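Colleague: sequence and predicted structure are below.
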Protein chains: 2
Amino acid sequence: MTTPRRDTYTPDSLLQVAVQVFNERGYDGTSMEHLAKAAGISKSSIYHHVSGKEELLRRAVSRALEGLFGILDEPPAREGRAADRLEYVVRRMVEVLIAELPYVTLLLRVRGNTGTERWALERRREFDHRVAELLKNAAAEGDVRGDVEVRLATRLVFGMINSIVEWYRPDGRTGARREVADAVVQLVLTGLRG
Amino acid sequence: MTTPRRDTYTPDSLLQVAVQVFNERGYDGTSMEHLAKAAGISKSSIYHHVSGKEELLRRAVSRALEGLFGILDEPPAREGRAADRLEYVVRRMVEVLIAELPYVTLLLRVRGNTGTERWALERRREFDHRVAELLKNAAAEGDVRGDVEVRLATRLVFGMINSIVEWYRPDGRTGARREVADAVVQLVLTGLRG
DNA sequence: AGAGTAACCGAACGATCGGTCGGGACAAGG
DNA sequence: CCTTGTCCCGACCGATCGTTCGGTTACTCT
C-alpha cells in the first residue's frame, strides 16, 4: 500500500513553487536549476514528480483556462440581457484572475514558442471570442454606445482586466477583490454606456 | 574617410530586426542564432555592429522610454487644468505606443533578470508615477469621480493603454491611430468622469 | 594598383541548458 | 528479517547558449 507521506512534494505543490518562479523570471528565463533551488530539492528530483519543464507550464495554463471557461458555464452568464451577462462575466473574470493569479499571469504571458504555448494561445483566443460576442449582442440590443467599434472596445476591456495580473498583489484586506471588480465594472461599463 | 555604405547593417537597422524577433519569441526565448537567421548574416557578424544581446535590449527600451518621457515635456502636458493635461497625455501615450510599437512592446515585457531590465523597470515606474500624479490632481480639482481610488484607476488606465501593444497591428488606413486614441479617451475619461 | 578598413564568416570557447541514469535513504507491509 | 516502492541525490549526457577569435572578402580612398 502507498500511504501518502507528509512533507513531500506532489505534482501540484511543486507546480505552486514553479509557477511563482516562472512569473518572476519568465518561463524561458527560468532553468530547472532555478526551480530546484526554489523548491529546495535537486534538479533531478523534479523529474520524479513531473515529466519536465513543459508539463509544469501545461498544468499551470490548464488551471487558468479552466477557471476562465468555467465562468461562461455559470447560469448568470447564459441567461438574461446581453449587457447584464457581460457585466457578470467581467466581474467574474476579475474574481477568477485574482483567485488564480499566478496561473492566469503565466497564461497571459505565453509567447507561442512550443506546442503547449501555441495551444494555450488558441484557447485564449477562443475565450476572448466568446466574450466579444457578448459585447456584440449588448450593442445589438442597444445597451452599448455605437460610436466605438465593438472589436476595439473588446480588446481595450480585455486589456484593462488582464492588466490586473501585472500589479495586483494579495493583501489581508477582505473585500479587496470586490473593490477591484467594482472599479473595473464602473470604469468599463459606464465608459461603454456613456 | 568612411562614407556610409548601402545595403549593409547599422546598429539601428540591426536593432529593427532584433526587436521584431524579440517580440515574437520573447527576449529570453531568442538566441543569437535566431537573430542571425532573421538578419540574414552570421551570428558572429552581429558582434561587429553591437556589443552583444543586451545592448540590443538597452537600445530598444531606451528608444521607447525617450518617446514616453518626451510626452511629459510637451506644453499641453504641462499647462492647464489637470484633467485636460491628463486627456492630452493619455492620447499622446496611445500615439507614441503605436508609433514606436515594437520598442514599447519590448519595454512592457521586461521582467528584471539583468541589470538593463531592472533599469528599464525603474524608469517605467517613474513614468507611471508622473501620470498618476496628473490623475491625482484631476481628482483634487473635482474633475474625476470620487468613488474609485486614484491608485486603482491609474493602474487600470495604464493597463488598458499598454494592452494596445498586444493586439494593434499597423494597417494602411490613415486615421486608424486616431480612432484608437479616441476610443481610449472616450472609454477612460467618460468612465472616470461618470 | 595598392593601402586601409568596414563587413562578414566558420570554428571554437566555456558555461549552461533540459533531461537521463544508477543508486542510496527511508518507511511501510509481509 | 527482507522486500517493495517512494523520494531524492550526484554525476553525467548531448545540445545549445552568448561570445570570441583569426581570417577572408569587398569596397573606398589615394
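Modeller: Great, that's in hand. Please read all numbers here as calculations on a predicted model, not as lab measurements. Residues are numbered from 1 along each chain as shown, chains lettered A, B, ... in the order given.
Colleague: tell me, what residue is most central in chain A?
Modeller: In chain A, the centroid-proximal residue (CA atoms, centre = their mean) is A:Val104; its distance is 2.7 Å.
Colleague: residue contacts, the nearest residue to A:Gly26 once chain neighbours are set aside?
Modeller: Take A:Gly26 and drop its neighbours on the chain: the residue closest to it by CB to CB, 6 or more residues apart in numbering or on different chains is B:Arg111, 4.6 Å away. Glycine gets a C-beta too; all of them are placed from N, C-alpha and C. By CB atoms under 8 Å, 6 or more residues apart in numbering or on different chains, B:Arg111 lies in contact with A:Glu24, A:Arg25, A:Gly26, A:Gly29, B:Asp28, B:Glu117.
Colleague: give me that answer again for 10 Å
Modeller: Going by CB atoms under 10 Å, 6 or more residues apart in numbering or on different chains, B:Arg111 touches A:23-26, A:28-30, A:109, B:26-28, B:117-118, B:120-121.
Colleague: quick one: is whichever strand or helix holds A:Val180 near chain B?
Modeller: Here A:Val180, judged by DSSP states H and E, is contained in helix A:176-193. Yes. For helix A:176-193 and chain B, the contact criterion (CB under 10 Å from any CB of the partner chain) is met by A:176, A:179-180, A:182-184, A:186-193.
Colleague: what is the mean pLDDT for that helix?
Modeller: Mean pLDDT, helix A:176-193: 89.
Colleague: next, the buried residues of it.
Modeller: Buried residues in helix A:176-193, counted by 16 or more other CB atoms under 10 Å in any protein chain shown: A:177, A:180-192.
Colleague: most neighbours, which of the contacts of B:Arg111?
Modeller: Using other CB atoms under 10 Å in any protein chain shown as the neighbour test, the contacts of B:Arg111 are led by B:Tyr27, with 27 neighbours.
Colleague: does that one really touch B:Glu54, like I thought?
Modeller: Yes. Using CB atoms under 10 Å, B:Tyr27 is in contact with B:Glu54, at 9.4 Å.
Colleague: common neighbours of those two, please.
Modeller: Common neighbours of B:Tyr27 and B:Glu54, counting by CB under 10 Å, 6+ apart, are B:Thr114, B:Thr116, B:Glu117.
Colleague: how many neighbours does the residue lying closest to the first one once chain neighbours are set aside have?
Modeller: So the one you mean is B:Thr114. What sits nearest to B:Thr114 in space, not counting adjacent residues and going by CB to CB, 6+ apart, is B:Glu54, at 6.1 Å. Other residues lying near B:Glu54 total 14 when counted by other CB under 10 Å.
Colleague: now do B:Glu54, the pLDDT please.
Modeller: As predicted, B:Glu54 sits at a pLDDT of 98.
Colleague: same deal with the one 3 residues further on?
Modeller: On the pLDDT scale, B:Leu57 is placed at 98.
Colleague: do the host helix or strand of it and DNA strand C meet?
Modeller: Assessed by DSSP H and E, B:Leu57 sits inside helix B:53-73. No. Helix B:53-73 lies apart from DNA strand C when judged by CB under 7 Å from any atom of the strand; the minimum separation is 12.4 Å.
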